[in-house]
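K.L.:
Coordinates for the following, if possible.
(chains A and B)
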Amino acid sequence: MIEAGIVGVGETPYRTRRTDVNYPELVQHATLQALEMAEMTMGDIDAVVYAMAPTEFAGVSDIDKWVVGSIGAAGKPWMRVHLGGATGGSAAAVGHFHVASGQYENVLVVGGDKVAETPDAQFILNLIWDPFYERGMGLNTITMAALQTVRHMDRYGTTTAQLDQVAQRAWRRAMRNPNAHLSGDLPIERVRDAPVVAWPLRRYDCCPRSTGAAAIVISGQRTIDDRRLPAAWITGSGHGANTVFIGDRASPKALEEYCDWPELRSAAENAYRQAGITDPPNQIDVVECYAPFSINEVTGVQALGLREAGEAGPALERGEFEPGSDVEFNPSGGTLCANPIAITGLVRTCDAALQILDRAGDFQVHDARRAVCTAVGGSFQFQTCMVLDRERPEGKR
Amino acid sequence: MTATAGALPILGADRAPRLEGERFEELIFRVAAGALADAGLDRSEIDTVTLSASDERDGRSISSMLSSAPAGGVLKEVTKVTDGSLHALAVGAMKVQSGLSEVGLVVSWDVASEADLQVAAFTALEPFADRPVGAIDPAATALLASAYLSRAGIGVGALDARAAQKAKLAGATEETAEWAAHPLRTTHLAPERDGAAAVVISSPSYAEHRAGAAAGHLLGLGWRLDTYAPGERAWPIWGPLRSAVADALGRAGVELDSIASFELEDLNVFAECMAVEGVGLAPEGHGFEFLASEADPLNRLADDGWLGLPSMCTGLWRLAQVCRAEGDGVSLIHQTVGRGAQGHAVAIVRREEREAK
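P.N.:
Now for the predicted structure:
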């Protein structure tokens, strides 16, 4: 394996709408930022991996093909990754394969979403389900999370008060992140008494739908050495996948339990094994977890091995992952505060890399040496997990 | 994939058209299971599944949600690309070369009969300039074909002649030719059908320690994408294909002269002409001349497009056929991507006589 690292990061602000730029221009902004940080031009880029999930939100199918010329990539190797919500994380992993395989030296992973171009994302997200068994039930991404929440409450005693704390703290952390879509110091009563979206999830338990673009440059060890670039070394990368059917993960004969987020646990196990992580609470400094609902910070803490099952909710309620803690969880505010759906996984990768590169500004974690970033898609069925290190991996892996 | 890193074994392959009344999940399962059976493997033995398909052509959003499980992706590492089947093969291959996968399935399908392809094509046009014009395929391809004929100084008759040749080879009945978009007639376009293809690839070390023989070896891959607007593409428009071929041959460590069979994209006769020029079989402006000659070495091992192929997976479909063909030799397999063949992917494969091993 050729060792590889992230040497450039670009992110636009995440907002409800961007009427000042069209889609290729939006993506161009993130691309130029990432190239600038990497001290590169498109001439240095050998291949492009494009992150774009369902194109129905932006209203142009195969929208990546429209972008190619505007970022100077015409004639280059190019491919689009689409794995539902996990797209951004999977695209980063595929970019890593490009370099780690020795086929390419400098790879741009980029994408963007303009979710506000569609009037109702949840209507579209109802169409992702099996047309015979599940679509008619009214399943969408919020109701599927509500089902997970109820099950977690039943099995582990997780409370809505814990979820209120998760949401309130996420918004507060996001106040330090200028790119965050939502942020603020919310009174707990406002969170607690917010309208129910799908019980027990209320307004602040749910992520927004955002417009924005993100990009990273992944380089091989030769470029990193020759150009003396600071790098967030990719030391672990795992995927996990399961059946789409929630019922098959929640029945007495299920291979895995739906509310435990086993796909994330599986992806993390693969990534941790590669990175040599055996004691997550003591070997990880910062996590950027794709947690689109407050419950997913609880299940994420659990699945990533930071707390035992049933301990995550109380730990989050006590503020054990807040700024200054041994492990900081979603210091950017996370997906509860910005969710450009097609690339949210790539945003997590960007924000994790910024921590390792010491470029996270006001939400910088002190002396962050190892970060974990994740992405989730489908019916929580697709999962990615990547480990980033400040130290270059030693020895042949 | 690189010559120095060694070729990647292809342990098994399968492809099949969709059966009457078959659900798309059932089609995908049947072909994925067929490739595993051809490899002599059980699903539990693979670690990765890489998919290639199009939501728009599948007629459903995030179609991988429903298709990844029948493709073998339960409690496995799964990802998906939307460009074409050879792009998925590239992802699977690079993962193996990275040491992050030992053995994996690559699965691609196309069930375009479930979708309204005209609507899907219109929504793929950017909304400001292209959508009002409405230059979807075959109109976009026709514009390029018209420019090509003008530059080369040849008439529509060259397209008619090749289409007649293709129809004859495929045993198709002669149809009345109507204009699809000048200079392309309906008879210049290959028929489409639903289907799927799958291959099993592994690391060399994995293949060494198993009993069965490999069906072939993946020697090299290349893929390139041109700019979006057909009018902005530089002539000759097959430049990105030429680059993809160079990438693939360079990684394979073989010369074009040593290719025994060329399995080239032929969604329409103009695409085929551009393919033979882009690959380097004919000089610029002489593609149809080459195709009319007896030297035509195209699609000898795999299905001709006039038999009807699933567009999204023609590359993997033909690769599967090459690997299951008798004898040995090196093949070049090509697939186009997008409107007016915006992109290209090329695989160099060495098939092997399994009995001999």
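K.L.:
can you count the residues close to A:Lys65?
P.N.:
26 (other C-beta atoms under 10 Å in any protein chain shown). For every residue, glycine as well, the C-beta is placed using N, CA and C.
K.L.:
would it count as being in a strand?
P.N.:
No - counting by DSSP: H, G, I helix; E, B strand; the rest coil, A:Lys65 is not found in a strand; it is helix.
K.L.:
Do I have it right that it meets B:Leu225?
P.N.:
Yes - with contact defined as C-beta atoms under 8 Å, A:Lys65 counts as touching B:Leu225 (7.4 Å).
K.L.:
Give me the common contacts of those two.
P.N.:
Counting by C-beta atoms under 8 Å, 6 or more residues apart in numbering or on different chains, the contacts common to A:Lys65 and B:Leu225 are B:Gly338, B:Gln342, B:Gly343.
K.L.:
Skipping adjacent residues, who's closest to the last one in space?
P.N.:
What that stands for is B:Gly343. Residue nearest to B:Gly343 in three dimensions, not counting chain neighbours: B:Val337, with 3.4 Å by C-beta to C-beta, 6 or more residues apart in numbering or on different chains.
K.L.:
who's in contact with that neighbour?
P.N.:
Contacts for B:Val337 (C-beta under 8 Å, 6+ apart) come out as B:Asp83, B:Gly84, B:His87, B:Leu225, B:Gly343, B:His344, B:Ala345.
K.L.:
10 Å - rerun?
P.N.:
By C-beta atoms under 10 Å, 6 or more residues apart in numbering or on different chains, B:Val337 lies in contact with A:62, A:65, A:78-80, B:82-84, B:86-87, B:223-226, B:240, B:265, B:312, B:315, B:343-345.
K.L.:
give me phi/psi at it?
P.N.:
phi -130, psi 130 (degrees, to the nearest 10).
K.L.:
Just grab the bridge partners of B:Thr50 for me.
P.N.:
Legend: beta-bridge partners of B:Thr50 under DSSP bridges are B:Thr79, B:Val106.
K.L.:
show me what contacts it?
P.N.:
The contact partners of B:Thr50, taken as C-beta under 10 Å, 6+ apart, are A:94, B:71, B:73, B:77-81, B:85, B:87-95, B:101, B:104-108, B:199, B:201.
K.L.:
can you pull out the helices in chain B?
P.N.:
Applying DSSP state H to chain B gives helices spanning B:24-39, B:55-58, B:64-67, B:85-97, B:117-123, B:130-133, B:139-152, B:157-170, B:204-208, B:239-252, B:269-279, B:287-292, B:314-324.
K.L.:
A:Glu311 is nearest to which of the ones you listed?
P.N.:
Nearest to A:Glu311 among the helices of chain B is helix B:64-67; the distance by C-beta to C-beta comes to 31.1 Å.
K.L.:
For the helices of chain B, give me JSON lines that also has mean pLDDT and distance to A:Arg273.
P.N.:
Below are the helices of chain B laid out as JSON lines (pLDDT from 0 to 100; distance: least, C-beta to C-beta, whole Å):
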{"stretch": "helix B:24-39", "mean pLDDT": "97", "distance to A:Arg273": "25"}
{"stretch": "helix B:55-58", "mean pLDDT": "93", "distance to A:Arg273": "33"}
{"stretch": "helix B:64-67", "mean pLDDT": "95", "distance to A:Arg273": "25"}
{"stretch": "helix B:85-97", "mean pLDDT": "98", "distance to A:Arg273": "16"}
{"stretch": "helix B:117-123", "mean pLDDT": "91", "distance to A:Arg273": "41"}
{"stretch": "helix B:130-133", "mean pLDDT": "92", "distance to A:Arg273": "47"}
{"stretch": "helix B:139-152", "mean pLDDT": "96", "distance to A:Arg273": "48"}
{"stretch": "helix B:157-170", "mean pLDDT": "92", "distance to A:Arg273": "51"}
{"stretch": "helix B:204-208", "mean pLDDT": "94", "distance to A:Arg273": "18"}
{"stretch": "helix B:239-252", "mean pLDDT": "98", "distance to A:Arg273": "29"}
{"stretch": "helix B:269-279", "mean pLDDT": "97", "distance to A:Arg273": "43"}
{"stretch": "helix B:287-292", "mean pLDDT": "94", "distance to A:Arg273": "51"}
{"stretch": "helix B:314-324", "mean pLDDT": "95", "distance to A:Arg273": "30"}
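K.L.:
want to throw the ones you listed into CSV with distance to chain A and mean neighbour count?
P.N.:
Listed next are these as CSV, based on distance: least, C-beta to the nearest C-beta, whole Å; neighbours: other C-beta atoms under 10 Å in any protein chain shown:
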stretch, distance to chain A, mean neighbour count
helix B:24-39, 9, 22
helix B:55-58, 5, 23
helix B:64-67, 4, 26
helix B:85-97, 4, 29
helix B:117-123, 5, 16
helix B:130-133, 9, 14
helix B:139-152, 12, 19
helix B:157-170, 26, 17
helix B:204-208, 14, 15
helix B:239-252, 6, 22
helix B:269-279, 13, 27
helix B:287-292, 21, 20
helix B:314-324, 13, 29
